[in-house]
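A.B. asks: Generate coordinates for the sequence data below:
(one chain, ligands or ions: 1)
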Amino acid sequence: MMTTRQVDVTTHSRISELGQRVLSGGKLSREDALFLFNLETTADIFDLLSWANRIREQNKGNKIHLCSIVNAKAGNCSENCSFCAQSSFYQTGSPKYGFVDPEPMMEAATEAGDNKVTALGIVAAWKGLNEGPLLDEVCDRIRELKAGGKVRPDASLGLIKDQKVAVRLKEAGLECYGHNLESSRNFFGNHCTTHTYEDRVQTIKYLKNAGIKICSGGIIGMGESREDRCDLAFELKEIGASVVPINILNPIKGTPFENYPQLPPMEILKTIACFRFILPRQEIMIAGGRTINLRDMQSMIFTAGASALMVGNYLTTLNQPVEKDLQMLKDLGLDPEWDHNFEDQENTWQPIELKTAEAVSA
Ligand code: SF4
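C.D. replies: Residues are numbered from 1 along each chain as shown. Now for the predicted structure:
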């Protein structure tokens with residue numbers, strides 16, 4: 001027997017009202033956003049996606065920002081992030097090596113440039129970066145990649161505890177630094193206890209004071225509530241993240257999260273759409289875990305409001321081939337050739353508590 005369901009047009013009207021508000025430059029309250037995060041029916045979630053798609057199109061047209069990463073130092077990390085294959089706390093069989101030579105990085109940059117990728121993130125599995133020979137080496141790599149002209153060199157090098165380190169990175173030519181908040185302030189202690197949420201926020205403040213753009217997002221599917229996801233989106237708005245990567249947990253054997261159930265694809269798409277409503281002008285990037293969690297529904301991330309995509313393999317897991325991603329974009333009428341420069345984004349953060357970059361350099 002066919003089952004029918006009464007469609008609730010009150011919910012439809014409220015989604016439309018919130019969509020129109022965002023399109024005309026208005027903002028969502030936390031209560032409005034939670035209403036969206038708590039939508040349940042497929043009919044309501046598709047309504048939400050259609051508005052998120054309009055908001056993306058109004059702010060980004062048909063442009064999609066592509067990023068890749070190169071794992072510049074792998075494994076043996078001193079931190080205990082429960083989702084991570086590279087933590088020294090867990091036996092995962094993930095590769096381990098020290099900071100790489102210039103050649104593999106230049107090769108990664110050439111490959112990324114050939115695949116229409118705008119930015120290549122230099123990523124290192126360690127707690128953080130201090131002044132010293134390693135910082136010198138990192139700055140050399142940034143300069144070399146910049147001079148090579150194939151891609152914009154970005155970096156994700158962990159915690160920074162000194163304003164001078166951020167200034168050195170800026171002077172080497174770094175434009176954007178990846179540093180995820182990972183989850184809400186409330187949930188953070190559930191996946192990491194070797195450093196704090198505040199440590200991460202402080203790192204972002206140093207970087208922003210040095211004039212570096214921030215790529216910061218999180219991981220969903222770690223057992224957090226919808227309220228936690230909502231809080232994360234507002235916290236990312238507050239710290240002024242320019243690019244917001246949404247990773248979906250890919251449970252790695254050997255980590256404490258290895259047996260976590262996968263999030264349903266509609267829950268993932270709804271979360272992406274809610275982030276688009278809260279951060280209408282920032283890049284919402286879908287990163288790790290998309291292939292394994294979304295499977296045939298991957299192309300719907302753009303309908304849900306995503307404007308950026310991590311392509312190529314992730315740090316410890318495989319992605320679908322770049323050619324397949326490029327074909328997916330072409331089929332959707334989306335264009336990855338974008339001289340992405342952050343100018344269309346909202347800047348919600350003002351340097352307040354710390355010395356300016358100029359003051360530190362002086
Ligand atoms: S997420 Fe980063 S800091 Fe945490 S264990 Fe992995 S490499 Fe280390």
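A.B. asks: And the residue nearest the centre of the chain?
C.D. replies: Most central in the chain under C-alpha atoms, centre = their mean is Pro245, positioned 1.4 Å from the mean C-alpha point.
A.B. asks: list the contacts for that residue?
C.D. replies: Pro245 makes contact with Gly178, Asn180, Cys215, Ser216, Gly217, Gly218, Met285, Ile286, Ala287, Ala308, Met310, according to C-beta atoms under 8 Å, 6 or more residues apart in numbering. To be clear about C-beta, it is placed using only N, CA and C from the backbone, and glycine gets the same treatment.
A.B. asks: Next to the ligand, which bits of the stretch 151-300 of the chain? Give me the list.
C.D. replies: For the stretch 151-300 of the chain, the residues in contact with the ligand (C-beta under 6 Å from any ligand atom) are Gly158.
A.B. asks: now the strands: where do they sit in the stretch 151-300 of the chain?
C.D. replies: Assigned by DSSP state E, counting those that start in this stretch, the stretch 151-300 of the chain shows strands spanning 152-156, 159-160, 176-178, 213-215, 218-220, 243-248, 283-286.
A.B. asks: Enumerate the positions of the last one that are buried.
C.D. replies: Spelled out, it's strand 283-286. For strand 283-286, the neighbour count (16 or more other C-beta atoms under 10 Å) marks Glu283, Ile284, Met285, Ile286 as buried.
A.B. asks: Can I get these in CSV including distance to Lys60?
C.D. replies: CSV is the format used below for the buried residues of strand 283-286 (distance: C-beta to C-beta, whole Å):
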residue, distance to Lys60
Glu283, 8
Ile284, 9
Met285, 12
Ile286, 14
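A.B. asks: one step back: reformat the contacts of Pro245 as CSV; add distance to Pro153 and pLDDT.
C.D. replies: Supplementary listing: the contacts of Pro245 in CSV, determined by distance: C-beta to C-beta, whole Å; pLDDT from 0 to 100:
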residue, distance to Pro153, pLDDT
Gly178, 12, 96
Asn180, 19, 97
Cys215, 13, 95
Ser216, 18, 97
Gly217, 20, 97
Gly218, 23, 97
Met285, 17, 97
Ile286, 22, 97
Ala287, 18, 94
Ala308, 17, 95
Met310, 16, 92
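A.B. asks: just those residues now: which is nearest the ligand?
C.D. replies: Taking C-beta to the nearest ligand atom as the measure, the ligand lies nearest Asn180 of the contacts of Pro245, at 8.2 Å.
A.B. asks: how many other residues sit next to that closest one?
C.D. replies: Neighbour count of Asn180, defined by other C-beta atoms under 10 Å: 22.
A.B. asks: What residues does it make contact with?
C.D. replies: Residues in contact with Asn180 (C-beta under 8 Å, 6+ apart) are Arg200, Ser216, Gly217, Gly218, Ile219, Pro245, Asn247.
A.B. asks: quick one, phi psi at it?
C.D. replies: Per-residue torsions, Asn180: phi -70, psi 140 (degrees, to the nearest 10).
A.B. asks: and it, how far is that from Gly75?
C.D. replies: 19 Å (C-beta to C-beta, to the nearest Å).
A.B. asks: just Gly312 next, same as before
C.D. replies: Gly312 sits 19 Å away from Gly75, taking C-beta to C-beta as the criterion.
A.B. asks: again, but for Asp335
C.D. replies: Asp335 is 37 Å from Gly75, by C-beta to C-beta.
A.B. asks: The two: which is more packed in?
C.D. replies: In this view Asp335 and Gly75 are compared by other C-beta under 10 Å, and Gly75 has more residues nearby, 20 against 13.
A.B. asks: Chain neighbours aside, what residue packs nearest to that one?
C.D. replies: Of all residues beyond its chain neighbours, the one nearest Gly75 is Lys96 (3.2 Å), with distances taken as C-beta to C-beta, 6 or more residues apart in numbering.
A.B. asks: and the one you found, what is it in contact with?
C.D. replies: By C-beta under 8 Å, 6+ apart, the contact set of Lys96 is Ala74, Gly75, Asn76.
A.B. asks: Helices of the chain, residue ranges please.
C.D. replies: Taking DSSP state H as the test, the helices found in the chain are 9-23, 30-37, 42-60, 102-114, 133-148, 163-172, 197-209, 226-239, 265-278, 290-294, 300-303, 322-331, 357-361.
A.B. asks: Of the contacts of Pro245, select the buried ones using a ChimeraX command.
C.D. replies: Restricted to buried positions by 16+ other C-beta under 10 Å, the ChimeraX selection for the contacts of Pro245 reads:
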select :178,180,215,216,217,218,285,286,287,308,310
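A.B. asks: Make JSON lines from the contacts of Pro245 and add distance to Asp325 to it.
C.D. replies: JSON lines is the format used below for those (distance: C-beta to C-beta, whole Å):
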{"residue": "Gly178", "distance to Asp325": "19"}
{"residue": "Asn180", "distance to Asp325": "21"}
{"residue": "Cys215", "distance to Asp325": "19"}
{"residue": "Ser216", "distance to Asp325": "23"}
{"residue": "Gly217", "distance to Asp325": "19"}
{"residue": "Gly218", "distance to Asp325": "22"}
{"residue": "Met285", "distance to Asp325": "13"}
{"residue": "Ile286", "distance to Asp325": "11"}
{"residue": "Ala287", "distance to Asp325": "12"}
{"residue": "Ala308", "distance to Asp325": "12"}
{"residue": "Met310", "distance to Asp325": "9"}
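A.B. asks: right, and Ser78 touches Ala125 too?
C.D. replies: No: if you go by C-beta atoms under 8 Å, Ser78 and Ala125 don't touch, sitting 9.4 Å apart.
A.B. asks: Pick out whichever of the two has more residues nearby.
C.D. replies: More crowded of Ser78 and Ala125, by other C-beta under 10 Å: Ala125, with 28 against 14.
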